[in-house]
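Novice: Turn this into a structure:
(chains A and B)
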There are 2 protein chains.
Amino acid sequence: MSAELSEVAKGVAQAHIAFVKEVAARDPQHFALANCLRGLAIDAVEAANSGHPGAPMGMADAATVLLQNHLKFDASDPDWADRDRVILSNGHASALLYAMLHVTGYADMTLEEVKNFRQLGAKTAGHPEFGHAKGIETTTGPLGQGLAAAVGMALAEKALAAEFGGDLVDHHTYVFLGDGCLQEGIGQEAISLAGHLGLGKLIVLYDDNAITIDGPTSVSFSDDIPARLAACSWHVQSCDGHDAGALDAAIAAAKAETGKPSLVAMKTVIGFGSPAKHGTAGVHGAPLGTEECAVVKDLLGLSQTPFELDDAALKTWRAIGAQGGDARAAWEARLAAAPAALRCEFTRRMAHDLPEGYGAAVAKARAALFATPAKVATRKASQMALAALAPALPEMIGGSADLTGSNLTRVPAVDSQFTRDTAGRYIGYGVREFAMGAAMNGMMNHGGLMPYGGTFMVFSDYVRNAIRLSALMEVGTIYVMTHDSIGLGEDGPTHQPVEHLAALRAMPNLYVMRPADAVETLECWDIAARARKTPSLMALSRQGVPQLREAETGENLSERGAYVIRQFGEGRDVTLLATGTEVALAVEAAHALSEQGLSVAVVSMPCWELFEAQEAAYRAQVLGVAPRLAVEAAGKFGWTRYVASEADVIGMDSFGASGPIEALYAHFGLTKEAIVARAQALAAAARVA
Amino acid sequence: MSAELSEVAKGVAQAHIAFVKEVAARDPQHFALANCLRGLAIDAVEAANSGHPGAPMGMADAATVLLQNHLKFDASDPDWADRDRVILSNGHASALLYAMLHVTGYADMTLEEVKNFRQLGAKTAGHPEFGHAKGIETTTGPLGQGLAAAVGMALAEKALAAEFGGDLVDHHTYVFLGDGCLQEGIGQEAISLAGHLGLGKLIVLYDDNAITIDGPTSVSFSDDIPARLAACSWHVQSCDGHDAGALDAAIAAAKAETGKPSLVAMKTVIGFGSPAKHGTAGVHGAPLGTEECAVVKDLLGLSQTPFELDDAALKTWRAIGAQGGDARAAWEARLAAAPAALRCEFTRRMAHDLPEGYGAAVAKARAALFATPAKVATRKASQMALAALAPALPEMIGGSADLTGSNLTRVPAVDSQFTRDTAGRYIGYGVREFAMGAAMNGMMNHGGLMPYGGTFMVFSDYVRNAIRLSALMEVGTIYVMTHDSIGLGEDGPTHQPVEHLAALRAMPNLYVMRPADAVETLECWDIAARARKTPSLMALSRQGVPQLREAETGENLSERGAYVIRQFGEGRDVTLLATGTEVALAVEAAHALSEQGLSVAVVSMPCWELFEAQEAAYRAQVLGVAPRLAVEAAGKFGWTRYVASEADVIGMDSFGASGPIEALYAHFGLTKEAIVARAQALAAAARVA
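Specialist: You can find the predicted model right below:
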């Protein structure tokens, strides 16, 4: 460094030291509390030699004010249903959250856990992981999704408050976020949706530190954020993010505005406390280093011993962690005093348990289908299933990304629009697929609801990372994906899924379900409703299919993942594997083959994931030892799990095309004739061998 | 319908008829021209009995004003490099675009094609498909992506104008879009980026018709769009979308503002001309029907004979299609008069041809690696390859979604930031992965550039549908995806790709390339640079790998997709298949196996797609007949294409975890020991059999 530059750097460092001292002098007690959070975050990152110290150091003042003066919580009961939620949408600042949980006394978050930051098996993963520790309300890290999940939580709060009353449900959702969440498209989708629905109990604390990974935000970002959010019907304020009084007033004003979501744009200094590194991208994602760490601790009045906190400050923090105890006790008393039915229902709902009448509703819907078989598109069958189940499941909250009439996601029981004035059971998500998925995840995280939402299956691409978070968090969000193949016809290749089934089947812990007829569709809905730890994705057809299941066996066969739906002749010369709309085609082909003297089993495979979970003997019996041929109006990738090679798949090798459905199936070779020809060849080859 | 309702409907219809007559009286000639577009769109949808008439009817006035008074184009030369671009981001309005192209005389767009709207094999697909006909500048339909592609085109224009001068490059990019594109997150990402970069030649015509599929936009959307865009540094105007004079003035003002992108919010009536259906969701995506069609044509003064246009109006349209001829000729003259080197370079660039010096640059970089083997992460090897190739490829334009230091996408040749003031060769896309992908596609559509952009591989989810459009459009966009496995370590499961390789391999026409070392990385970059019709996705490691390729064979072996990289012993007892960082692990294991007396071949498979394109004999030789075991730090899905079952894959069965890399590889069983044990078992079983 040249002498001149060095002088500049020295000046910058001195100015920051003066600023820190000013903050300290303004409110010494606040300064000491905030520095506990900074100290733990700094030490955790140093110990791991990996992580993001800058954002925790910058946001510690806001976190302190929030916890001390506003947040409704009780560290001794982190599951308290009516607690305020805190979402760290800029999940890379995870060390701040762990520090918050530790100092306030969450039992899960021991000092040992904080010390094991980012180590295998610790609760303190690199980004906050839902389920690792109480107080982590959702998984964050993929930017923008925390904000969208928070929108879902605020929606859930509004819906449940309307249903159970403000005595039981009346809490805020707070979000910390940075520039990244506001640059991501999903962030804007969430902002637009929240503003439209007037979610007044959603309060966003924006860490406006003017730094991104690539340097100053001016490299890539110059939105006037308060103006942008005001244009989306948000209440907006700006304040100094290191001024406890200003922060307190801003949060109070945000709470006072009940008709609009609130943004508090906090001017912060990333790496606050570091004379050499504050305000630079260098402090975003790397440890401070031993030397600077010592300087920072000295400036902040922290012990040089790692993880050692000031006794008095920690005591104050523990008191903050307990100060919500009275409110919680009062809430418990209100719950206890509530009518028994209301109390039981509330408790059931928050536990994601199914209601008593649910099984009967399923049985009745099954009986109706067997009594009067339905030749319908599976999207229509889905609507029928929903119509039958939703009345028994008051937790169901539906919606669509502006494709209600196509997805057929609206049924009488949920036919009440969720608006800014009324918390209905149907949400118009608008053309915002990604926010829809993430918001549904937030509702699942919140508890009390069973969200499902629809779009065209090809746009599972747009929502894909929210589906991934459902699977990773183990929450049972339900994705209704219609128009599941070239069978959608004229809209053409941009709208025709081809690779999507494979791409989704590749994802761990996701039920990808492609039912063949109305009965399987009902069965898949039943699976989805019961699967509260696994998300479900329903791949549904635009075009009609016959009801193949004719006799009630009393079993949800789809739950096996795959099963023999038709047997022609005795034994097997060949086995046809198919899903969805192609099962009927396979049955037709099998019939033709049987007329030619072959014995054929047709296996419907609505859910590979469930099939893989069956016992080996069952799987072997279903798959058989005869040659197998797969039929699916989708890319062939992945089918080699069940057939010898992709030559044994009647499927797609390319993107689709625009045209009427019949022309497309013929053009892409998805025909009875093609199945018959290949099956004959396979059977003949097996006879020779 | 009750009598009262019927009276209301009648009143609405009468009011619309009066409005239409007012528009007609204001400018009869304009009215007649616009109605040619409406008539063709209506008839095309009726003939197909499928499609979207409402938006074309609403936007026809704006399209007419744009084509007649502003658009620089020459229908007789649709490839004119300096033409203005028109993007129909609301691609469902495709019939409008086809009508525009037909009436102005694009040779591709015959009346026969318009009549075959949405039929298999026609150029007139349900949504505009790039490559089907000249004048379709990009594929649209997946909402928001047309706008983002247009941002890429405007970026390309600015970059090329800076390089080749305003005499050769000086054109506008016009975008039609509706509410959907503005609700989609990617739309906002594109808006924010365009505003930040001050793309003054980008002009957006917003079809503000207050209707979405689910009904009035008030169901889900209440952003103040002009204010929102103004907050992102856009120039904004509002006008009556059926007033030709107002539209003309607004477009003129938009062109006059050269420092900011422009929005013209046009108040339009969806289904303009239909007394019964205008202004309703019913006219969005369904034919008008015979009866209403007749009423509309009567009101608009159109022939009742389908596809029959007024001679005089058509003649005027053809003249409009030719009016850019002089400007084009003048441009041709300027090109011809330009210095030969500049002219040749411009022509080469627009044709996506590689320069002469390119091969030598590759050879030199190869020689350097063989002279001094590099033990580096493949992301670092990628940076080395880029550093070597970019000087020979002035068309390369790089960038990252705010992860430059992690993706290592910046090298000296592109080390000039693209800002609002200067068109550099490196774009700070910000945390906007999806817009980055779509903008790169737009640059490819535009011509003259070779865009590449980086993010973490897990966020391929965020950009996935843009990757799909690259593949569908057959454009060679290059995606640099680093941190390609659990090998990224502490950031944890939200940041660790698991299912992504499979999900991407499932996509048609995409080179998913996971190089094993520095040589393969260079080879993959060479493949990507030459593949101008196929997008490439590079999966690159955070962690270091040894250089396995030691001797120059003079061949780009990666181009084979897979090849034997090591042979231990003679013949084969077992074959190990691996990609990327796991090839070195497989080599280690093979070495251990060979010490135990087994003959082992290690096959590196950097690109499955390329391997599948090889001759059968080559594939058979590489794969061999010995038992095969696959090794990849990713989900096992899809590997059954090459191995007997997923039991023969050393890979991942779940999401990852947060921890140091060594701990993770051990925890998930990706170890030399595991490979050796399974390989021994396979070889032993084969000996018995």
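Novice: give me the low-pLDDT residue ranges for chain A?
Specialist: Within chain A, the segments meeting pLDDT under 70 span A:1-3, A:5.
Novice: Residue of it nearest chain B, please.
Specialist: A:G185 (2.1 Å; Cβ to the nearest Cβ). The C-beta positions use only the backbone N, C-alpha and C, and glycine is treated the same way.
Novice: Around chain B, pick out the residues from the stretch 151-300 of chain A.
Specialist: A:179-180, A:183-189, A:192-193, A:195-196, A:212-214, A:219-225, A:227-228, A:230-233 (Cβ under 8 Å from any Cβ of the partner chain).
Novice: now swap in the stretch 351-500 of chain A and tell me
Specialist: A:400, A:402-406, A:417, A:428-435, A:458-459, A:461-462, A:464-465, A:468-469, A:471-472, A:489-495, A:498-499.
Novice: How far does stretch A:277-291 sit from its chain's centre?
Specialist: In this view, stretch A:277-291 has its centroid 31 Å away from the chain centroid, taken as Cα atoms, centre = their mean, to the nearest Å.
Novice: What segments of the stretch 101-250 of chain A are helices?
Specialist: Listed in chain order, the helices of the stretch 101-250 of chain A (DSSP state H, counting those that start in this stretch) span A:111-115, A:145-164, A:179-183, A:185-197, A:225-230, A:244-256.
Novice: meant to ask about the stretch 251-400 of chain A
Specialist: A:290-300, A:311-322, A:325-337, A:340-350, A:358-371, A:378-389.
Novice: Among those helices, which comes closest to A:E257?
Specialist: helix A:325-337 (21.8 Å; Cβ to Cβ).
Novice: pretty sure the residue of chain A closest to chain B is in contact with B:L193, am I right?
Specialist: No: A:G185 lies out of contact with B:L193 (Cβ atoms under 8 Å); the separation is 10.7 Å.
Novice: Spit out the residues that contact those two alike.
Specialist: Common neighbours of A:G185 and B:L193, counting by Cβ atoms under 8 Å, 6 or more residues apart in numbering or on different chains, are B:432, B:435.
Novice: Not counting its neighbours along the chain, what's nearest A:Q383?
Specialist: Among residues not flanking A:Q383 along the chain, A:L408 sits closest, at 3.8 Å (Cβ to Cβ, 6 or more residues apart in numbering or on different chains).
Novice: The one you found: neighbour count?
Specialist: Residues lying near A:L408 (other Cβ atoms under 10 Å in any protein chain shown) number 24.
Novice: dump the residue contacts of A:L263.
Specialist: A:204, A:206, A:225-226, A:229, A:234-237.
Novice: hmm, try it at 6 Å
Specialist: Applying Cβ atoms under 6 Å, 6 or more residues apart in numbering or on different chains to A:L263 gives the contacts A:204, A:229, A:234, A:236.
Novice: how many other residues sit next to the residue lying closest to the last one once chain neighbours are set aside?
Specialist: When you say that, I think you mean A:V236. In space, and not counting its chain neighbours, A:V236 is closest to A:P226: 4.1 Å by Cβ to Cβ, 6+ apart. Number of residues near A:P226 (other Cβ under 10 Å) recorded here: 18.
Novice: so A:P226 sits right up against A:W234, yeah?
Specialist: No: using Cβ atoms under 6 Å, A:P226 is not in contact with A:W234; the gap is 8.4 Å.
Novice: Please identify which helix or strand holds A:W525.
Specialist: Assigned by DSSP states H and E, A:W525 belongs to helix A:518-530.
Novice: Next, the buried residues of that helix.
Specialist: Using 16 or more other Cβ atoms under 10 Å in any protein chain shown as the test for burial, helix A:518-530 gives A:518-530.
Novice: re earlier: just say which of the helices of the stretch 251-400 of chain A is most tucked in.
Specialist: helix A:378-389 (a mean of 24; mean count of other Cβ atoms under 10 Å in any protein chain shown).
Novice: CA atoms only for that one - export them in PDB, please.
Specialist: What follows is helix A:378-389, C-alpha atoms only, in PDB (Å, rounded to 0.1, in the frame of the first residue of the first chain):
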ATOM      1  CA  THR A 378     -56.900 -35.700 -13.800                       C
ATOM      2  CA  ARG A 379     -56.900 -31.900 -13.100                       C
ATOM      3  CA  LYS A 380     -60.700 -32.200 -13.000                       C
ATOM      4  CA  ALA A 381     -60.400 -35.300 -10.900                       C
ATOM      5  CA  SER A 382     -58.200 -33.300  -8.600                       C
ATOM      6  CA  GLN A 383     -60.900 -30.700  -8.300                       C
ATOM      7  CA  MET A 384     -63.400 -33.400  -7.500                       C
ATOM      8  CA  ALA A 385     -61.100 -34.800  -4.800                       C
ATOM      9  CA  LEU A 386     -60.500 -31.300  -3.400                       C
ATOM     10  CA  ALA A 387     -64.300 -30.700  -3.400                       C
ATOM     11  CA  ALA A 388     -64.700 -33.900  -1.400                       C
ATOM     12  CA  LEU A 389     -61.800 -33.400   1.100                       C
END
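Novice: Now do that helix and helix A:518-530, the angle between them.
Specialist: Going by axes from the mean of the first three to the mean of the last three Cα atoms, to 10 degrees, helix A:378-389 is angled at 60 degrees with respect to helix A:518-530.
Novice: same for helix A:378-389, what does it pack against?
Specialist: Applying 3 or more Cβ pairs under 6 Å, 6 or more residues apart in numbering or on different chains; DSSP states H and E, we find helix A:378-389 packed against helix A:518-530, strand A:536-540.
Novice: any idea of the angle the last one forms with helix A:518-530?
Specialist: Computed by the same axes, to 10 degrees, the angle separating strand A:536-540 from helix A:518-530 equals 160 degrees.
Novice: Is chain B within reach of strand A:536-540?
Specialist: No: between strand A:536-540 and chain B, judged by Cβ under 6 Å from any Cβ of the partner chain, nothing touches; the nearest distance is 13.4 Å.
Novice: Just checking: what are the partner strands of that strand?
Specialist: Strand A:536-540 pairs in its sheet with strand A:478-482 (parallel), strand A:511-513 (parallel), by DSSP bridges.
Novice: Report the distance from stretch A:388-407 to the chain centre.
Specialist: So, by Cα atoms, centre = their mean, the centroid of stretch A:388-407 is 18 Å from its chain's centroid.
Novice: follow-up on the earlier one: so what touches the helix holding A:W525?
Specialist: A:362, A:365, A:369, A:374, A:376, A:378, A:381-382, A:385, A:478, A:513, A:515, A:536, A:538, A:547, A:549, A:556, A:558-559, A:606.
Novice: quick one: that helix to chain centroid distance?
Specialist: Chain-centre distance of helix A:518-530: 21 Å, with Cα atoms, centre = their mean.
Novice: Can you tell me which residue is spatially central in chain A?
Specialist: Nearest residue to the geometric centre of chain A (Cα atoms, centre = their mean): A:N441, 3.6 Å.
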